[in-house]
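Participant: The sequence isn't on hand, but the structure is:
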């Protein structure tokens, strides 16, 4: 059974914004807002878990060589005497 698309209520929008920001749920909001918050929060948590599962932590880090040909002057002094 398909549900009709509808616009979110004010409470539901506030709950969705809080979920995306990672802010806590405001208990003054409605029950439908709580369902929106929980749905978005759990979906985002699953995405984070999937991202970490794809990353192999046993691999060693590889340092890349600086690609800029411009030499960096490490001294802040304008004169060579300093």
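Facilitator: Nice, thanks for sending it over. Bear in mind that the values here come from a model prediction, so they are computed numbers and not experimental data.
Participant: Skipping its backbone neighbours, what lies nearest residue 29 in space?
Facilitator: Among residues not flanking residue 29 along the chain, residue 11 sits closest, at 4.5 Å (Cβ to Cβ, 6 or more residues apart in numbering). Glycine gets a C-beta too; all of them are placed from N, C-alpha and C.
Participant: neighbours of that neighbour, just the number please.
Facilitator: The local packing of residue 11 (other Cβ atoms under 10 Å) involves 18 other residues.
Participant: Contacts only, for it.
Facilitator: Taking Cβ atoms under 8 Å, 6 or more residues apart in numbering as the criterion, residue 11 is in contact with 29-30, 32-33.
Participant: Among the residues you listed, name the ones in helices.
Facilitator: With helices identified by DSSP state H, the entries of the contacts of residue 11 that belong to them are 32-33.
Participant: Of the contacts of residue 11, keep whichever come out buried.
Facilitator: 29, 33 (16 or more other Cβ atoms under 10 Å).
Participant: Give me the pLDDT for residue 13.
Facilitator: At residue 13, the model reports a pLDDT of 96.
Participant: Quickly note the distance from it to residue 46.
Facilitator: According to Cβ to Cβ, to the nearest Å, residue 13 stands 22 Å off from residue 46.
Participant: Of those two, which one has the most company?
Facilitator: More crowded of residue 13 and residue 46, by other Cβ under 10 Å: residue 13, with 13 against 10.
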